[in-house]
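J.: can't give you the sequence, but here's the structure:
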Ligand code: SAH
Ligand code: SF4
């Protein structure tokens, strides 16, 4: 990062329209904006000097008035024979965030990205939540995680999930801008349906997002079927309890035509008891209350939702336990009986502290992270 970084224009994070306006502001034709976008997002060059189709005289002028923010890899750990790579990236101010790359047999290449340094939501089972919120990432810092993973692996990404550190909808404007840049043909060109934003359940922002009418996949972290238990695990539930959250989810699903994916992290003896599985099934199969657009059959309502069960990944210093597959299946059974589409996600890279926020913690306090295979 150049010392002028704070005082000159940041290119990464600018839309095509903004880049075209920026080029015209320098007395250049607007199409220079498209050329710069190509180099910044698709080719990931570190300096304007390398933008070889720009006029030679323009390149030093750009160096003087603008900069290209890059997130810089500090360390990486690998698992699953190198099919999962977790990166710790350093930002311009020295803060660090985690990004995970996953390669799948069916050809998908997925990146899990962060939207904040830390998180202010304080979920009791989450490594990121333990440290609190330091700051929001800029749209450029969010997008550049994908750009840099592309550069480091040489692979084109097919999917991006906003499930790394931070609460994406608490950093709404930058997250939305990043979504548009990841989707744009001049940006990363990733299909909207292949972008997934995960939220702890910020109701006003879910309603705003519904109004954007994007074909984005929305994942909502539920983790409990009752307000009492959810408020213990996910403090923000005290502000927006389950009924309000489900109302917003219903609005999102009906406005966009997209199914909501509920995430439910299972912790043994805490929220994985079979009777809670029954309760969750009843909750998600419930008919919407009255109104002109009711009644809806149980099965139709069930089809608005999908449930993703995730056995808890151990976090250094936390006392929860990860349930075995038998308990997980026993929890899933009543959901399936209710006709709710349910999958179990055994997260990859558990041995490299896949739970987001952990690599940063272990790095910060100097605990040795042993890559299982490289
Ligand atoms: N803040 C957003 C997105 C980041 S967390 C959210 O909470 O949805 C992404 C997902 O990882 C969430 O569902 C979260 O509950 C889950 N998660 C957090 N810590 C975990 C852990 N130790 N093991 C498994 N999943 C975890
Ligand atoms: Fe934040 Fe999500 Fe972790 Fe909760 S689970 S503390 S919202 S990152």
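T.: Now that the structure is in, tell me what you want to look at. Bear in mind the structure is a predicted one, so any value in this text is a computation, not a measurement. Ligands and ions are numbered 1, 2, ... in the order given.
J.: from here on, contacts and neighbour counts on C-alpha atoms
T.: Will do.
J.: got the residue ranges for the strands in the stretch 51-200 of the chain?
T.: Along the stretch 51-200 of the chain, counting by DSSP state E, counting those that start in this stretch, strands occupy 66-67, 72-79, 84-90, 96-103, 109-112, 116-118, 133-136, 159-162, 195-199.
J.: let me know which of the ones you listed is tucked in deepest.
T.: Using mean count of other C-alpha atoms under 10 Å, the stretch among the strands of the stretch 51-200 of the chain with the largest mean neighbour count is strand 116-118, at a mean of 26.
J.: for the closest residue to residue 179 other than its chain neighbours, give the beta-bridge partners.
T.: Excluding the flanking residues, the one nearest residue 179 by C-alpha to C-alpha, 6 or more residues apart in numbering is residue 195, at 7.4 Å. For residue 195, the beta-bridge assignment (DSSP bridges) gives partners residue 160.
J.: which residues are in contact with residue 195?
T.: 159-162, 179, 216-217 (C-alpha atoms under 8 Å, 6 or more residues apart in numbering).
J.: and it, what's its pLDDT?
T.: pLDDT for residue 195: 97.
J.: ligand 1 versus that one, what's the distance?
T.: Distance of residue 195 to ligand 1, computed by C-alpha to the nearest ligand atom, to the nearest Å: 13 Å.
J.: with residue 74 instead?
T.: In terms of C-alpha to the nearest ligand atom, residue 74 sits 21 Å off from ligand 1.
J.: what's the answer for residue 236, then?
T.: Distance from residue 236 to ligand 1, by C-alpha to the nearest ligand atom: 10 Å.
J.: check contacts around that residue.
T.: Residue 236 sits next to 121, 200-202 when contact means C-alpha under 8 Å, 6+ apart.
J.: contacts with ligand 1 among the residues you listed, please.
T.: Filtering the contacts of residue 236 for proximity to ligand 1 by C-alpha under 6 Å from any ligand atom leaves residue 200.
J.: how about the contacts of residue 236 in JSON lines, adding distance to residue 20?
T.: Converted to JSON lines, these look like this (distance: C-alpha to C-alpha, whole Å):
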{"residue": "121", "distance to residue 20": "38"}
{"residue": "200", "distance to residue 20": "36"}
{"residue": "201", "distance to residue 20": "36"}
{"residue": "202", "distance to residue 20": "34"}
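J.: most neighbours among the contacts of residue 236, which one?
T.: Counting neighbours by other C-alpha atoms under 10 Å, the top entry in the contacts of residue 236 is residue 201, with 27 neighbours.
J.: could you confirm residue 35 falls within a helix?
T.: Yes. With DSSP: H, G, I helix; E, B strand; the rest coil as the criterion, residue 35 is part of a helix.
J.: number of nearby residues for it?
T.: Residue 35 has 18 neighbours, counted by other C-alpha under 10 Å.
J.: skip the chain neighbours and tell me the closest residue to residue 88.
T.: residue 98 (4.7 Å).
J.: now the one you found: how far from residue 237?
T.: Here residue 98 is placed at a distance of 26 Å from residue 237 (C-alpha to C-alpha, to the nearest Å).
J.: and the chain, which of its residues are near ligand 1?
T.: Within reach of ligand 1 by C-alpha under 6 Å from any ligand atom, the chain has these residues: 125-126, 163-167, 198-200, 220-221, 263, 265, 312-315, 355.
J.: where does this structure have low pLDDT?
T.: 1-6, 286-302, 347-374 (pLDDT under 70).
J.: which one in it is furthest away from the centre?
T.: Relative to the centre of the chain, the most outlying C-alpha is that of residue 57, 39.7 Å out, by C-alpha atoms, centre = their mean.
J.: all strands for the stretch 251-374 of the chain, in order.
T.: Using DSSP E, counting those that start in this stretch, strands in the stretch 251-374 of the chain cover 260-266, 305-311, 341-344.
J.: which elements pack onto the first one?
T.: Using 3 or more C-alpha pairs under 8 Å, 6 or more residues apart in numbering; DSSP states H and E, the elements in contact with strand 260-266 are strand 217-221, helix 242-256, strand 305-311.
J.: name the helices or strands packed onto the longest one?
T.: On a contact count with 3+ C-alpha pairs under 8 Å, 6+ apart, helix 242-256 meets helix 203-212, strand 260-266.
J.: and for the last one?
T.: Using 3+ C-alpha pairs under 8 Å, 6+ apart as the contact definition, the elements that strand 305-311 packs against are strand 260-266, helix 325-337, strand 341-344.
J.: quick check: buried residues in the second one?
T.: By neighbour count, with 16 or more other C-alpha atoms under 10 Å as the criterion, the buried positions of helix 325-337 are 327-328, 331-336.
J.: kindly report the same for stretch 165-183.
T.: Judged by neighbour count (16+ other C-alpha under 10 Å), stretch 165-183 contains these buried residues: 165-172, 174-183.
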